[in-house]
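S.K.: predicted model and sequence below, questions to follow.
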Amino acid sequence: MATAVETLGKLERRLTISFPVADVRTEVEKRLKQQAKTARAPGFRPGKVPLKMVAAQYGYQIETDVLNDKVGRAFNDAAVANELRVAGFPKIEPKQDAEEGVLSFDATFEVYPDVTIGDLGAVEVETVATEVTDAEIDKTIDILRKQRVHYHTKGEAGEHGTGGEAVAANGDRVTVDFVGTLDGVEFEGGKAENYPFVLGEGRMLPEFEAATVGLKVGESKTFPLAFPEDYHGKDVAGKTAEFTITLKNLEWAHMPEVDAEFAKSLGIEDGSIEKMREDIKVNLEREVTARVKARNKEAVMDALVKSTELDVPSVMIDQDSERLAEMTRQDMAQRGMDVSKLPFPAEMFKDKAERRVRLGLILSQLVADNNLQATQEQVKAQIEDFSQSYEDPKEVLKYYFSDRRRLGEVEALVLEENVVNYVLGKAKVSTKTIAFDELMGSIPQA
């Protein structure tokens, strides 16, 4: 039996569930007898253990299970009878003033909000567009050349100067000995021998690199170095140390020429430079398309959040906050970090969780109202698109279609794309062209 639903807040509700104690006892006795058929105890054959002993061993757990089952069933029946869309799980508490022979519980819970999507025709969305030009292809080729760089001793005959006159410059790989002191005392981590790095890559602090530039092999230099306040080494952060460096070896970077051999190293069998550039352009355009879609999707989601008013169930925010905290913990552990002593308070993820839940409610309503569910054809087309960047597209298809969970992830992506396309078809859309570097440097947040 359940009482009428009480409204405690915008989304919070409460109802009281009651049932006779006798019903619980009857069900407990029934389950104890069932348990006794297979119960084991020293000195007794299986199934011959006295009922009192079975009750002593299993009674508490069985009674708890019976209560949970009855309360859960009664709550679900009441929710259906009252047409309640319950969000999360109810908080169940026993009532102290129940009638004799009756067990009563208060169930406090939240319900899903009514979601009313505003006039999408009044929503403004700014999308982005980016073009892949020869300049982007040239930059990519330079990156690929740098990835294949090899080094030669600087100063050898015919190689960037003559022996004794070669000096360190940006782009060179140097090998140095160095020692740092604070008030004349060496500090931990401030000393190394035969330490290599490339000048100009920013691996070392600017003062360290500046002091190295211009040195010849065998030369030393002593200089002050001020560590930043936020330096990772707490013992030296914000302090000024004195360093002495000695240049042990000096090498210049030899990047491969853009020729047939270089093209072949990138998988172009006939060594065609033109074919190599076309392949690079296709790959860049694929990446640009993916990032533009991500940026535009984020713009649509922002517009939907701003244009839709709704109350979000706190229980759903709490659950998603805990899920995000656990996902972060697992991700950091997989990266090799020791997370055993790191705190992961769910409160840290509350804002992100609130947005995720809000968007989920809005998208669900849009999909239901406008029949935007992902079709089998769309899902297959999306997976086929994924497969184009792999050597064996058939294996990619098999990977997704052999696992319902993976297929569900693709369905979710297609559904979101359906929503984005629907909104863009209704909203006031403007497009801004942005530079390639700006697009590639942006990472839209979920």
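M.R.: Alright, I've got the coordinates. Residues are numbered from 1 along each chain as shown.
S.K.: C-alpha only now, for contacts and for neighbours.
M.R.: OK.
S.K.: which residues in the stretch 201-350 of the chain form strands?
M.R.: Applying DSSP state E, counting those that start in this stretch to the stretch 201-350 of the chain gives strands spanning 220-226, 240-254.
S.K.: in the stretch 51-200 of the chain, which spans are strands?
M.R.: For the stretch 51-200 of the chain, strands defined by DSSP E, counting those that start in this stretch occupy the ranges 86-94, 102-111, 124-129, 150-153, 173-182, 185-198.
S.K.: so which of those is nearest residue 403?
M.R.: With respect to residue 403, and counting by CA to CA, the nearest of those is strand 86-94 at 27.3 Å.
S.K.: could I get the average pLDDT for that closest one?
M.R.: Strand 86-94 shows a mean pLDDT of 91 in the predicted model.
S.K.: list the helices and strands it packs on?
M.R.: Where contact means 3 or more CA pairs under 8 Å, 6 or more residues apart in numbering; DSSP states H and E, strand 86-94 is packed against strand 102-111, helix 314-334.
S.K.: and that strand, which strands flank it?
M.R.: Partner strands for strand 86-94, per DSSP bridges, with pairing direction: strand 102-111 (antiparallel).
S.K.: out of the helices and strands packed on strand 86-94, deepest packed?
M.R.: strand 102-111 (a mean of 20; mean count of other CA atoms under 10 Å).
S.K.: give me the longest helix you can find in this protein.
M.R.: helix 273-307 (DSSP state H).
S.K.: buried set for stretch 223-233?
M.R.: Within stretch 223-233, the residues scored as buried using 16 or more other CA atoms under 10 Å are 225-227.
S.K.: what does stretch 332-345 give?
M.R.: When burial is assessed from 16+ other CA under 10 Å, stretch 332-345 yields no buried residues.
S.K.: show me the contact partners of it.
M.R.: Stretch 332-345 is contacted from outside by 322, 325-326, 329, using CA atoms under 8 Å, 6 or more residues apart in numbering.
S.K.: redo that, cut-off 6 Å
M.R.: For stretch 332-345, the surrounding residues in contact (CA atoms under 6 Å, 6 or more residues apart in numbering) are residue 325.
S.K.: mean confidence for that stretch?
M.R.: pLDDT averaged over stretch 332-345 gives 86.
S.K.: what does stretch 365-376 give?
M.R.: 93.
S.K.: what is the burial count for the closest residue to residue 8 other than its chain neighbours?
M.R.: Take residue 8 and drop its neighbours on the chain: the residue closest to it by CA to CA, 6 or more residues apart in numbering is residue 14, 7.1 Å away. By other CA atoms under 10 Å, the residues close to residue 14 number 20.
S.K.: the one 5 residues further on too?
M.R.: Residues lying near residue 19 (other CA under 10 Å) number 17.
S.K.: got it, and residue 13?
M.R.: By other CA under 10 Å, 18 other residues sit near residue 13.
S.K.: just checking, it touches residue 3?
M.R.: No - using CA atoms under 6 Å, residue 13 makes no contact with residue 3, being 11.9 Å away.
S.K.: where in the chain is pLDDT low?
M.R.: Residues of the chain that meet the criterion pLDDT under 70 lie in 1-2, 156-164, 442-446.
S.K.: cutoff 50 now
M.R.: Low-confidence segments of the chain (pLDDT under 50): 158, 161-164, 445-446.
S.K.: from the chain's centroid, how far away is stretch 75-90?
M.R.: 33 Å (CA atoms, centre = their mean, to the nearest Å).
S.K.: give me the contact list for that stretch.
M.R.: 107-112.
S.K.: stretch 198-207 too?
M.R.: Outside stretch 198-207, the residues that reach it (CA under 6 Å, 6+ apart) are 170-173.
S.K.: what is the nearest of those residues to residue 66?
M.R.: Of all these, residue 66 sits closest to residue 173, with 73.4 Å by CA to CA.
S.K.: in terms of contact, does the closest one touch residue 254 like I think?
M.R.: No - using CA under 6 Å, residue 173 is not in contact with residue 254; the gap is 10.8 Å.
S.K.: what about residue 403, how many residues nearby?
M.R.: 10.
S.K.: gap between it and residue 388?
M.R.: For residue 403, the distance to residue 388 equals 20 Å [CA to CA, to the nearest Å].
S.K.: out of the strands of the stretch 51-200 of the chain, nearest to residue 297?
M.R.: strand 124-129 (8.6 Å).
S.K.: mind giving me the packing neighbours of that closest one?
M.R.: strand 428-433 (3 or more CA pairs under 6 Å, 6 or more residues apart in numbering; DSSP states H and E).
S.K.: how distant is the strand it packs on from the center of its chain?
M.R.: Remark: strand 428-433 is offset 28 Å from the chain centroid, using CA atoms, centre = their mean.
S.K.: ok, that strand: who's next to it in the sheet?
M.R.: Here, using DSSP bridges, strand 428-433 pairs with strand 124-129 (parallel).
S.K.: Throw the strands of the stretch 201-350 of the chain into TSV and include distance to residue 29, thanks.
M.R.: Shown next, in TSV, are the strands of the stretch 201-350 of the chain (distance: least, CA to CA, whole Å):
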stretch	distance to residue 29
strand 220-226	78
strand 240-254	79
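S.K.: just name the most buried of the ones you listed.
M.R.: strand 240-254 (a mean of 20).
S.K.: elements contacting that strand?
M.R.: Contacts defined by 3+ CA pairs under 6 Å, 6+ apart place strand 240-254 against strand 150-153, strand 173-182, strand 220-226.
S.K.: now tabulate these in a markdown table and tack on distance to residue 377.
M.R.: Below are the helices and strands packed on strand 240-254 laid out as a markdown table (distance: least, CA to CA, whole Å):
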| stretch | distance to residue 377 |
| --- | --- |
| strand 150-153 | 49 |
| strand 173-182 | 54 |
| strand 220-226 | 61 |
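S.K.: can you tell which of those strands is closest to residue 418?
M.R.: That would be strand 150-153 among the helices and strands packed on strand 240-254, by CA to CA, at 48.3 Å.
S.K.: and the residue lying closest to residue 269 once chain neighbours are set aside, how far from residue 132?
M.R.: Once flanking residues are discounted, residue 269 sits nearest to residue 263: 7.9 Å by CA to CA, 6+ apart. Separation of residue 263 from residue 132 (CA to CA): 20 Å.
S.K.: try residue 369
M.R.: 38 Å.
S.K.: more crowded one of these two?
M.R.: More neighbours surround residue 132 than the other of residue 369 and residue 132, with 14 against 10 (other CA under 10 Å).
S.K.: could you give the number of residues near the nearest residue to that one once chain neighbours are set aside?
M.R.: Leaving aside its sequence neighbours, residue 132 sits nearest to residue 285 (CA to CA, 6+ apart; 6.4 Å). If you count neighbours by other CA under 10 Å, residue 285 ends up with 16.
S.K.: what do you get for residue 312?
M.R.: Around residue 312 there are 21 residues (other CA under 10 Å).
S.K.: against residue 122, how distant is the nearest residue to it once chain neighbours are set aside?
M.R.: Nearest residue to residue 312 in three dimensions, chain neighbours excluded: residue 358, at 6.3 Å (CA to CA, 6+ apart). Plainly put, residue 358 is 20 Å away from residue 122 if you go by CA to CA.
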